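Undergrad: Sequence first, then the predicted structure:
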Amino acid sequence: MISDENSQAKCIANDCKRTWGSSTEKRAAVAITEDQVRGIFHRYDANKDGLLSRQELKDAFAALGSRMPGLRAFLALQHADANGDGYISEAEFEKLVKYTLKRGYKLK
């Protein structure tokens, strides 16, 4: 029992997560890079027209781990859609990438 209590105390001190097995794991999240953000948005341009719709943005933000991807897509459009057409074009893409990087998404 003492060794089990010691291992639990060590795990708590080291911020470990218990998995369903008997082992513990520690996973570090790494900040997403600009190139990774670009790649994700290009991947979610479903029809490959060079424009990102609100739905495509929602899907991309969901992939990034946003807790509310629909709201994040709406806010991203408000921030980066300079001409107000409801799409992020190539000319507006840089502003979208910078906006996304400021949100601090991390890869696990």
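TA: Yes, it's here.
Undergrad: ok, and the closest non-adjacent residue to the residue nearest the centre of the chain?
TA: When CA atoms, centre = their mean is applied to the chain, the residue found nearest the centroid is L64 (2.3 Å). Leaving aside its sequence neighbours, L64 sits nearest to Y105 (CB to CB, 6 or more residues apart in numbering; 4.7 Å). Using the backbone N, CA and C atoms, a C-beta is placed for each residue, glycine as well.
Undergrad: re earlier: now do the residue nearest to the centre of the chain against A82, distance only.
TA: Remark: distance between L64 and A82 (CB to CB, to the nearest Å) = 22 Å.
Undergrad: again with A60
TA: A60 sits 19 Å away from A82, taking CB to CB as the criterion.
Undergrad: Which of those two has more residues huddled nearby?
TA: A60 (25 against 11; other CB atoms under 10 Å).
Undergrad: Packing partners of the helix or strand harbouring that one?
TA: Using DSSP states H and E, A60 sits within helix 54-64. In terms of contacts (3 or more CB pairs under 8 Å, 6 or more residues apart in numbering; DSSP states H and E), helix 54-64 is packed against helix 34-43, helix 69-80.
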